[in-house]
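Participant: Below are the sequence and a predicted model for it; my questions follow.
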Amino acid sequence: MMTVEFWFLIGAALVFWMQAGFAMVETGFTRAKNAGNIIMKNLMDFCIGTLVFSLLGYSLMMGEDALFGLIGKPSLDLFTHFADFIRSPAEGFTEASYFVFNLVFCATTATIVSGAMAERTKFSAYCVYSAVISLLIYPIEAHWIWGGGWLSRLGFHDYAGSCAIHMVGGVAALIGAVILGPRIGKYDTDETGKVTKVRAIPGHSIPLGALGVFILWLGWYGFNGAAATTPSELSSIFLTTTIAPAVATCTTMIFTWIKNKKPDVSMCLNASLAGLVGITAGCDALDAVGAAIVGIVSGLLVVVVVEGLDLKLHVDDPVGAVGVHCANGVWGTIAVGLLANPDAPAGLHGLLYTGEWTQLGIQLLGFAAVAAWSAVTMLAFFSLLKKIDFLRADAADELAGLDRSEHGLPSAYADFVSSGHPYTLPDTGEVVPAVTGTTPPAEAIPVVPQPTFRSDGHKFTKVEIVFKEERLYALKAAMGRLGITGMTVAHVMGYGIQKGQPEYYRGVEVETDLRPKVQMDIVVSAIPVRDVIETAKKVLYTGHIGDGKIFVYDVENVVKIRTGEEGYDALQDVE
């Protein structure tokens, strides 16, 4: 029993590690100006959840049954009878182990909501509704399913939480996103308020999102498998937990490839999570074929729901939380009644294997009851927050980014973005006063241009070339052969889109395309400008869109800082 309980707690630790996965997915799928805010929310929903779950949530979930199986009897045994709480019973695990295990599951429910409401929710509001979910919403419905409540007595099966956790979090996310409204700039509307255009707002880091998915997939083996008590049960759960997300991801890849002409990276990442959510309820009740069917449906369902919410219903869900958790939480719950194989460890009788309708009916009843509880309570709570103007961040704060307005954090990536205030000198902190004027233009003193230096008779020209990265060394060598030994090279992002070949982000057409380019700046005097231009054209030309552009400017003067030389002499490399 000690070995089994040890695995039980290791599984709980893996589920806690999933908080990091959720944080990375949500951060990667949203904009960089909100990264610190999102990390803070994912940290605090667990910490706040721990406090309220300890005080009341756990006893409501796992306490002695009360009110005909609706709630557990509240108690403070964790604090008043600690010796009993950690004592090993004759059968089962210590109460402390159950507490930790259920706590990390509770935190998962709360963090799902964060993604759908990202980038425009007040941090204080998030803390409040995260506490309410962990204190009341989740513990009560989880008691029905896992705490000996009325659904568990009927035989409702949700092994690891497709319904109790993911669907509940997804329903709360959907209601929150609808009441909160979309991010500024997400939808264009006409004078009647009708949406006329849907805009794609790509996340700032697909690698972060992918890292989060891999972390979540790893954690899911604990999420689904921690409660297993035999090697046969554990191996069966690991098998189905691997097949379903893999099949879902392949399905989405093929589906988006056919539909959008290219496989959608972010949607495939969502699909991996959708398959994991879909198999969670029946991970011990389905066989390999059933897991594959769950994966196929999950892979299609996540695309249809994510795009349908955005393009048809105009519900702004930046990370796809509703499509992943709500839709596939419902599907996974129902799939138990359809696909349960009597030979699997749970021994349930699914309709498609046995022709029996009983389990399917129970699953439908359980899904409907839990969905109704979640929808009614969260609708009332979010409506209250909106009514008292406590839910949504101010427009100015949203546009600037919640990192700065909510946390005083200029950037979550301080080494890449200047952290100085625009009117503050970075080294001294000295404030530079803003320049203002009140003199009418008619009374203003005329500006008389003054020469800034004495020309030496030479003409200087700056040639700026923007081109594809892979042509850098060929162009550098060609300029060297012209006799150009000084140049400045920088990585830039080229802005534009190829007409007639639209690109899509999560099913929404991307209006503009930012592509990595190289910018080379050269100042010449003795070397003919036309030679530089023709050489660049010859080296860079491929005939395809995106070869680049050349800009030519007059330069007033050149100054070599080390020697103080100016004009033509400053361009020479000889000493």
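Facilitator: Great, that's in hand.
Participant: If you average the pLDDT over stretch 142-162, what comes out?
Facilitator: Averaged over stretch 142-162, pLDDT sits at 95.
Participant: which parts of that stretch are buried?
Facilitator: With burial defined by 16 or more other Cβ atoms under 10 Å, the residues of stretch 142-162 counted as buried are 142-152, 156-162. In this view, the C-beta of every residue, glycine as well, is placed from N, C-alpha and C.
Participant: now, which of those residues lie within helices?
Facilitator: Counting by DSSP state H, these place 142-146, 150-152 in helices.
Participant: Spell out the secondary structure type for R515.
Facilitator: At R515 the chain is in strand, as set by DSSP: H, G, I helix; E, B strand; the rest coil.
Participant: The closest residue to it other than its chain neighbours - how many residues pack around it?
Facilitator: Nearest-residue entry for R515: G494, 4.8 Å, with adjacent residues in sequence omitted and distances by Cβ to Cβ, 6 or more residues apart in numbering. For G494, the neighbour count with other Cβ atoms under 10 Å is 17.
Participant: what's the answer for E534, then?
Facilitator: 12.
Participant: what residue ranges in the stretch 401-550 of the chain score low on pLDDT?
Facilitator: The stretch 401-550 of the chain contains residues with pLDDT under 70 at 415-457, 495-502, 511-514.
Participant: Now do the strands in it.
Facilitator: Secondary structure of the stretch 401-550 of the chain (DSSP state E, counting those that start in this stretch): strands at 460-467, 488-496, 503-505, 508-510, 513-524, 548-555.
Participant: Arrange the ones you listed in TSV, one row each, with distance to V306 as further columns.
Facilitator: Converted to TSV, the strands of the stretch 401-550 of the chain look like this (distance: least, Cβ to Cβ, whole Å):
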stretch	distance to V306
strand 460-467	35
strand 488-496	27
strand 503-505	11
strand 508-510	10
strand 513-524	21
strand 548-555	36
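Participant: Can you name the residues that contact the closest residue to Y98 other than its chain neighbours?
Facilitator: The shortest distance from Y98 to any non-neighbouring residue, by Cβ to Cβ, 6+ apart, is to M62 (6.4 Å). With contacts defined as Cβ atoms under 8 Å, 6 or more residues apart in numbering, M62 is in contact with 72, 98-99, 102, 143, 146-147.
Participant: Now the two most distant members of those residues.
Facilitator: Using Cβ to Cβ, these span at most 14.3 Å, a distance reached by F99 and H143.
Participant: Any stretches of the stretch 151-300 of the chain with poor pLDDT?
Facilitator: In the predicted model, the stretch 151-300 of the chain carries no residue with pLDDT under 70.
Participant: which stretches of it form helices?
Facilitator: With helices called from DSSP state H, counting those that start in this stretch, the stretch 151-300 of the chain shows them at 168-180, 206-225, 231-260, 265-280, 288-307.
Participant: just these: most buried one?
Facilitator: Stretch with highest mean neighbour count among the helices of the stretch 151-300 of the chain: helix 265-280 (a mean of 30; mean count of other Cβ atoms under 10 Å).
Participant: helices or strands next to that one in the packing?
Facilitator: helix 206-225, helix 231-260, helix 288-307, helix 328-339 (3 or more Cβ pairs under 8 Å, 6 or more residues apart in numbering; DSSP states H and E).
Participant: Mind doing that once more with 10 Å?
Facilitator: helix 2-28, helix 206-225, helix 231-260, helix 288-307, helix 328-339, strand 503-505 (3 or more Cβ pairs under 10 Å, 6 or more residues apart in numbering; DSSP states H and E).
Participant: Now render the ones you listed as JSON lines, adding distance to M267.
Facilitator: Below are the helices and strands packed on helix 265-280 laid out as JSON lines (distance: least, Cβ to Cβ, whole Å):
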{"stretch": "helix 2-28", "distance to M267": "13"}
{"stretch": "helix 206-225", "distance to M267": "11"}
{"stretch": "helix 231-260", "distance to M267": "5"}
{"stretch": "helix 288-307", "distance to M267": "6"}
{"stretch": "helix 328-339", "distance to M267": "13"}
{"stretch": "strand 503-505", "distance to M267": "9"}
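Participant: Relative to V376, which of these is closest?
Facilitator: That would be helix 328-339 among the helices and strands packed on helix 265-280, by Cβ to Cβ, at 16.7 Å.
Participant: so the closest one versus helix 288-307, what angle?
Facilitator: Counting by axes from the mean of the first three to the mean of the last three Cα atoms, to 10 degrees, helix 328-339 points 150 degrees away from the direction of helix 288-307.
Participant: Put the alpha carbons of helix 328-339 into CSV.
Facilitator: The C-alpha trace of helix 328-339 is given here as CSV (Å, rounded to 0.1, in the frame of the first residue of the first chain):
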residue,chain,number,x,y,z
ASN,A,328,-14.0,18.0,-25.4
GLY,A,329,-14.9,17.7,-21.8
VAL,A,330,-18.5,17.1,-22.9
TRP,A,331,-17.4,14.7,-25.7
GLY,A,332,-15.2,12.7,-23.3
THR,A,333,-18.0,12.3,-20.8
ILE,A,334,-20.4,11.1,-23.4
ALA,A,335,-17.8,8.9,-25.0
VAL,A,336,-17.7,6.7,-21.9
GLY,A,337,-21.3,5.7,-22.5
LEU,A,338,-20.7,5.0,-26.1
LEU,A,339,-17.2,3.4,-26.2
